[in-house]
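[1] Have a look at this prediction, sequence included:
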Amino acid sequence: MIEIILAHLTSPFSLIVLVVVFVTGIVRGFSGFGSGMIIGPITAALFTPQFAIGLISIVDSIPTTKMVWGARKQVVWHQVAPIVAGYVALMPLGIWVLKSSDPIALRWFISVSICIAVVLLWSGWKYHGPRSKPVSFGIGATGGFMGASAAIPGPPILIYWMSGRDPAATIRANMIYYLFLSDVFVIIGYFVSDIFTQQSVSLGILASPGYFVGLIIGTSYFKGASEKTYRTIAFLMILLAVLASLPVLDDFLR
């Protein structure tokens, strides 16, 4: 494993991923979301979707425990619990799609899904439907499919929660706990399904310290920012990541 980690330090693609992960850590610490939406498309373009998703699940697990502890007083459990339950219910279908789909088709699915989510969120579109536990379960199930298949568990839940009346601190705390718990379950699912490789795990381990530093920086900036500022910055970073990693630009990346 050490040899593989050292080999990543001489790979231009791996070095690009390390920089992207660090910047993503800042965005994640600042906004509470965005990891898979930034790391996923870029890493999938440089390697493969399965590689990217395996790396994300490693990077976004242990380093985020500091955020989980810090958000414990703002989290609203009766909002988070049915979402997580729904995630677990449809996660196996997402893993099956990840293993059986064509890599290019999966990359297009990732990119298009993220673009749609960013447009909806940035436009200020509001969900005005019911907010019962069954509805929350269904939203969580959508997140489970998208998270397991494309490492983007956040968009459906963000659209759902940001359409409500909760303040930014509550949404951020709920997202931190939802993403942390979904990481725990999806890591188990990926392990059982042989998604992880030595290359993706080793790069995830190598990238984790930089991600952790980014989280600290981003968290410190969140404390003095307005809701509009934190959402705008996060959306801009996500959109740039998606546009830079579209399959049609592969010749430039490689």
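    Alright, I've got the coordinates.
[2] going forward, measure contacts between C-alpha atoms and count neighbours the same way
    Will do.
[3] What helix or strand is Val112 located in?
    helix 103-123 (DSSP states H and E).
[4] ok, and what's touching that helix?
    37, 40-41, 44-45, 48-49, 98, 150, 152, 155-156, 158-159, 162, 231-232, 235, 238-239, 242, 246-247 (C-alpha atoms under 8 Å, 6 or more residues apart in numbering).
[5] Please enumerate the helices of the protein.
    Applying DSSP state H to the chain gives helices spanning 2-8, 12-31, 35-46, 49-59, 65-70, 77-100, 103-123, 133-150, 154-162, 168-192, 198-222, 227-244, 250-253.
[6] What is the first one packed up against?
    For helix 2-8, the packing partners by 3 or more C-alpha pairs under 8 Å, 6 or more residues apart in numbering; DSSP states H and E come out as helix 198-222.
[7] neighbouring contacts of the helix it packs on?
    Contacts to helix 198-222, defined as C-alpha under 8 Å, 6+ apart, come from residues 1-2, 4-5, 8, 14, 18, 21-31, 51-52, 54-56, 58-60, 63-64, 67, 230.
[8] which among these end up buried?
    5, 8, 14, 18, 21-31, 51-52, 54-56, 58-60, 63-64, 67, 230 (16 or more other C-alpha atoms under 10 Å).
[9] How much space separates the closest residue to Phe145 other than its chain neighbours from Phe30?
    Excluding its sequence neighbours, the residue lying closest to Phe145 (C-alpha to C-alpha, 6 or more residues apart in numbering) is Gly94, at 4.3 Å. Applying C-alpha to C-alpha, to the nearest Å, the value for Gly94 to Phe30 is 28 Å.
[10] mind checking how far Val112 is from Val27?
    Val112 is 21 Å from Val27, where distance means C-alpha to C-alpha.
[11] should've said Thr65
    16 Å.
[12] Then Val19?
    13 Å.
[13] One more: Val248?
    Counting by C-alpha to C-alpha - Val248 and Val27 are separated by 26 Å.
[14] go on, Phe145?
    For Phe145, the distance to Val27 - C-alpha to C-alpha - is 24 Å.
[15] what's the answer for Phe47, then?
    For Phe47 relative to Val27 (C-alpha to C-alpha), the value is 22 Å.
[16] ok, now Gly144?
    Distance, Gly144 to Val27, using C-alpha to C-alpha: 22 Å.
[17] can you check Leu158 too?
    Counting by C-alpha to C-alpha, the gap from Leu158 to Val27 is 15 Å.
[18] What is the neighbour count of Thr48?
    When counting by other C-alpha atoms under 10 Å, one arrives at 19 neighbours for Thr48.
[19] Spatially nearest residue to Ala241, not counting backbone neighbours?
    Distances taken as C-alpha to C-alpha, 6+ apart put Ile38 closest to Ala241, at 5.3 Å, once the chain neighbours are dropped.
[20] Let's see the pLDDT reported for the closest residue in space to Leu246 that isn't next to it in sequence.
    Leaving aside its sequence neighbours, Leu246 sits nearest to Ser111 (C-alpha to C-alpha, 6+ apart; 6.8 Å). At Ser111, the model reports a pLDDT of 85.
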